[in-house]
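> structure for the following, please:
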Amino acid sequence: MTSSHDHSRTLVAEQLAALAATDPELVDYFGSFATDEVLRGSDLDERTRFMVQLAALIACQAEAEYRPAVGAALAAGVTPTEVKEIVYQAVPYVGAAKTLAFLRATNDVLTEHGVGLPLPGRSTTTPETRAEKGLAVQREIAGAAKVEALYASAPDDTAHIQRLLSANCFGDHLTRSGIDVPTRELLTFAMLVSLGGCDPQVKGHVGANLNVGNDRGLLIDVATQLVPYIGYPRTLNALAAIDEVAPPK
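Residues are numbered from 1 along each chain as shown. Below you'll find the predicted structure:
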């Protein structure tokens, strides 16, 4: 039987195998760090760990590492639909220009695994309902008072951005089925942390995670699992945001 760490060990081995002859010391200690120390540092379940790692790899633009990670995620029980939804959700946060290569990579890996494309649709809105439903899920995630404050404080010449945020980011993407809202918020947190330069948005989505039932401990678990992928500065920035919004008791 495959142990809970075997898929991660396989992933790291695939990523580092080409360097074993030239950089054996790095391969040795990084492999042990990423597959033993980091795994022991949190209680995050394997499927969620792979999902947030995929989100982080997209945000980091690490396409070469992303491809074997998709295969390992599928082997660990992440569904083709979940993998696709992670990529789709990256579009409003990372940008389409940086995400489409990962969509093509995802399609390649899914096809190699015998998955027929396209997958069944997961949209739950229409052009007529996307704005209303998006605003509703935005209020659920961010809090109604915060959303109303954003609309009220927006100058006339930028108010359209708030409407786009509600209808597109939330209406087109966060209303989709295939991944529940609490998991989607963890993915958003992982993407923003990995992007860097998004400190206000990271803090906002720490609060949003709390709103949908993800607690401080779960967010720290996610940050811990991202250390090998995003490095310490961005991880420490994530922890600072968690401490500010959800301080230890």
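> okay, helices next: where are they in the chain?
Along the chain, counting by DSSP state H, helices occupy 6-16, 24-32, 38-40, 46-59, 63-75, 80-94, 96-112, 130-142, 144-153, 159-164, 181-195, 199-211, 216-230, 232-245.
> look up how far residue 104 lies from the residue nearest in space to the middle of the chain.
In the chain, the C-alpha nearest the mean C-alpha coordinate belongs to residue 187, at 2.8 Å (CA atoms, centre = their mean). Relative to residue 104, residue 187 is positioned 20 Å away (CB to CB, to the nearest Å). C-betas here are computed from N, CA, C, even on glycine.
> one more: residue 228?
25 Å.
> just residue 183 next, same as before
Residue 183 is 24 Å from residue 104, where distance means CB to CB.
> so for those two, which sits in the more crowded spot?
It is residue 183, of residue 183 and residue 104, that has more neighbours when counted by other CB atoms under 10 Å, with 19 against 12.
> who's in contact with the more buried one?
Contacts for residue 183 (CB atoms under 8 Å, 6 or more residues apart in numbering) come out as 48, 51.
> I'd like the distance between it and residue 49.
Distance of residue 183 to residue 49, given as CB to CB: 12 Å.
> just residue 129 next, same as before
Note on residue 129: its distance to residue 49, by CB to CB, is 34 Å.
> ok, these two, which is more surrounded?
With other CB under 10 Å as the criterion, residue 129 and residue 49 differ in neighbour count, and residue 49 comes out ahead with 24 against 14.
> that one and residue 216, how far apart?
18 Å.
> so, low pLDDT: which residues of this structure?
1-15 (pLDDT under 70).
> how does it divide into domains?
6-116+177-245, 126-176 (automatic domain parsing).
> out of those domains, deepest packed?
Comparing the domains of the chain by mean neighbour count (mean count of other CB atoms under 10 Å), domain 6-116+177-245 ranks first with a mean of 18.
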